[in-house]
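J.: take this sequence and fold it.
(2 chains)
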Amino acid sequence: MKKAIKAEDAAALIPDGARVLIGGFMAVGSPLRLIDALVERGVRDLTVIANDAGLPHKGIGRLVHAGAVRHAIMSHIGLNPEIQQKMISGEVTVELVPQGTLVERIRAAGMGLGGVLTATGIGTPVEEGKQVVEVDGRRYLLETPIHADFALIAARQADYVGNLEYSLTAQNFNPIMALAGKTVIAEPDVIVPVGVIPPDEVRTPGVLVDHLLARAA
Amino acid sequence: MSNTTNTATAANKAWDPKSIIAARVAQELKPGMLVNLGIGLPSLVANFLPPNSDVFFQAENGVIGLGAHPPEGMEDPYLTDAGGGFVSAVPGAASIDSAMSFGLIRGGHLDLTVLGGLQVDERGYLANWMVPGQKVPGMGGAMDLVAGAKAVIVAMQHAAKGEPKIVPECTLPLTAARRVTLIVTDLAVICPTDDGLVLQERAPGVSVETILAATSAKLIVPDEVPEMVLG
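T.: The predicted model follows:
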């Protein structure tokens, strides 16, 4: 069983300079209370691995705005002009990764694979510097795993074992990232008694989750 | 060969450039297809489908069976499209995670994607994700979609500020080294083939000469180039 912790206590676990996976897609399905607690604590120099940079004052955009992000590994930053300005000024460095490749590189880390082969990126700037592997006459890029110190996950519902259930498009990267962080902190909307979530509805088994965030006060 | 007419029908007068493109692309969507529409102009295609078209739309953020924008007050903050806008889900919809979503795209399970374009060239290669020295939004899902979908339709304005977008060879970074299936613009329908770009249809009231003048790539022009038939 897990004891739910407060957002500020969860944020205190994450040191400056940490590599952090953050779930969400345009802030939908992002752990918003954890993000606020990190901004509040004034964390610096994070490497953030996520689908996108959110919007200027929403989701991961709040971390960018607060100057907490040093390096970003993302598929899209187009809806956040602030991170683009910080990229040009050199305050933030950005590695752009095709979305399907990004999720597979995270999955590879979480599943114990040495990488994945994908045809995505062949013949484009994404190919530069990467090993090309030919299988059955087709060319693929070798894409390496993305490991992280923490995974910050948003879920609709958790139980006190840490089992997680997601909702609609708010699941996105969350179930994959929950495999790939050394320490996994889940932020559910609600926590229900053990047994309320049927085994078939569990998308992230509780064994992967280290800390549960208490529900909003 | 030219069949220019200034007597466009009453119906044709209502067709603005984006509607011409979206309506023509909609004719390529067949019952039973799984289709991904890019944000912006391609998303308009859904407005031109007949009711009960039996097409499922995928949004790469995690839904198969994307429906229309819900009525005001009935939005679900956890049900959005890839642009972050509120959507609904049709009966029979499925919600999926990002690995499944891109597995569908790369694994050959997605029948068609419709995407915008910055340039398409004589090889049928598409560039649509960055302009060096300008904004760098990131490729998002575009590279996976173009590399992996069974068919790719580029839906775009034929030219941008007078500059041709259908060019001999893309000068912008490619999205994928893959020949797209069809190019639909406000002036023409063009099909990339082994022999090059074939001009298949003209927009209502548009002459072949007008299309050639707006295109810097070499176009193969058949003896007959019919007009698009729009609803």
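J.: what's the helix or strand for B:Ile21?
T.: B:Ile21 is part of helix B:17-26, with elements assigned from DSSP states H and E.
J.: does chain A sit close to the helix or strand just after that helix?
T.: Once the chain leaves helix B:17-26, the next helix or strand it forms, by DSSP H and E, is strand B:34-37. No: using CB under 8 Å from any CB of the partner chain, strand B:34-37 stays clear of chain A, with a minimum separation of 11.9 Å. Glycine gets a C-beta too; all of them are placed from N, C-alpha and C.
J.: and for stretch B:184-202?
T.: No: figure legend: stretch B:184-202 not in contact with chain A (CB under 8 Å from any CB); closest approach 15.4 Å.
J.: need the contact list for A:Gln171.
T.: A:Gly29, A:Arg203, B:Gly62, B:Ser95, B:Ile96, B:Asp97 (CB atoms under 8 Å, 6 or more residues apart in numbering or on different chains).
J.: quick one: buried residues of the helix holding B:Ile21?
T.: B:Ser19, B:Ile20, B:Ile21, B:Ala22, B:Ala23, B:Arg24, B:Val25, B:Ala26 (16 or more other CB atoms under 10 Å in any protein chain shown).
J.: so who does residue 170 touch?
T.: Just going to use chain A. Per CB under 8 Å, 6+ apart, neighbours of A:Ala170: A:Gly24, A:Val28, A:Gly29, A:Ala154, A:Arg156, B:Pro77, B:Tyr78.
J.: that answer is for a different chain, and I need it for chain B
T.: Counting by CB under 8 Å, 6+ apart, B:Cys170 touches B:Gln119, B:Val120, B:Asp121, B:Tyr125, B:Leu126, B:Ala127.
J.: where's the second one relative to B:Glu60, distance?
T.: B:Val120 sits 22 Å away from B:Glu60 when distances are taken as CB to CB, to the nearest Å.
J.: more neighbours, these two?
T.: B:Glu60 (29 against 25; other CB atoms under 10 Å in any protein chain shown).
J.: just for chain B, where's the confidence low?
T.: Along chain B, the parts satisfying pLDDT under 70 run over B:1-14.
J.: again, only using 80
T.: B:1-14, B:135, B:231 (pLDDT under 80).
J.: do you have the helices of it handy? List them.
T.: Assigned by DSSP state H, chain B shows helices spanning B:10-13, B:17-26, B:98-106, B:142-148, B:208-213.
J.: need the residues that contact the helix or strand of chain A with the lowest mean pLDDT.
T.: Between all helices and strands in chain A, the lowest mean by mean pLDDT, DSSP states H and E belongs to helix A:81-89, at a mean of 94. Helix A:81-89 is contacted by residues A:53, A:56, A:61, A:64-65, A:69, A:72, A:77-78, A:92-94, B:135-137 when judged by CB under 8 Å, 6+ apart.
J.: which of those residues fall in strands?
T.: Within these, residues falling in strands by DSSP state E are A:Val69, A:Ala72, A:Thr93, A:Val94.
J.: overlap between these and the residues near chain B?
T.: Among these, chain B is touched by A:Val94 when using CB under 8 Å from any CB.
J.: narrow the ones in strands among the contacts of helix A:81-89 to those that are buried.
T.: A:Val69, A:Ala72, A:Val94.
J.: as CSV, these with pLDDT would be great.
T.: What follows is these, written out as CSV (pLDDT from 0 to 100):
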residue, pLDDT
A:Val69, 98
A:Ala72, 98
A:Val94, 97
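J.: from these, which is closest to B:Gly67?
T.: A:Ala72 (32.6 Å; CB to CB).
J.: residues touching that closest one, list them.
T.: A:Thr47, A:Val48, A:Ile49, A:Ala50, A:Ala53, A:Val64, A:Ile83, A:Val92, A:Thr93, A:Val94, A:Glu95.
J.: how about B:Val120?
T.: B:Leu126, B:Ala127, B:Val154, B:Met156, B:Lys165, B:Ile166, B:Val167, B:Cys170, B:Val180, B:Ile183, B:Pro192, B:Ala217.
J.: I'd like to know which of those is nearest to chain A.
T.: B:Ala127 (9.1 Å; CB to the nearest CB).
J.: and the gap between the closest residue to that closest one other than its chain neighbours and chain A?
T.: Nearest residue to B:Ala127, sequence neighbours excluded (CB to CB, 6 or more residues apart in numbering or on different chains): B:Leu172, at 3.8 Å. As for B:Leu172, its distance to chain A is 11 Å (criterion: CB to the nearest CB, to the nearest Å).
J.: would you agree B:Leu172 is in contact with B:Leu118?
T.: Yes: at 5.5 Å, B:Leu172 counts as touching B:Leu118 under the criterion of CB atoms under 8 Å.
J.: how are the strands of chain A distributed by residue range?
T.: Counting by DSSP E, the strands of chain A are A:19-22, A:46-49, A:69-74, A:93-96, A:116-118, A:132-135, A:138-143, A:148-159, A:164-165, A:181-192, A:211-212.
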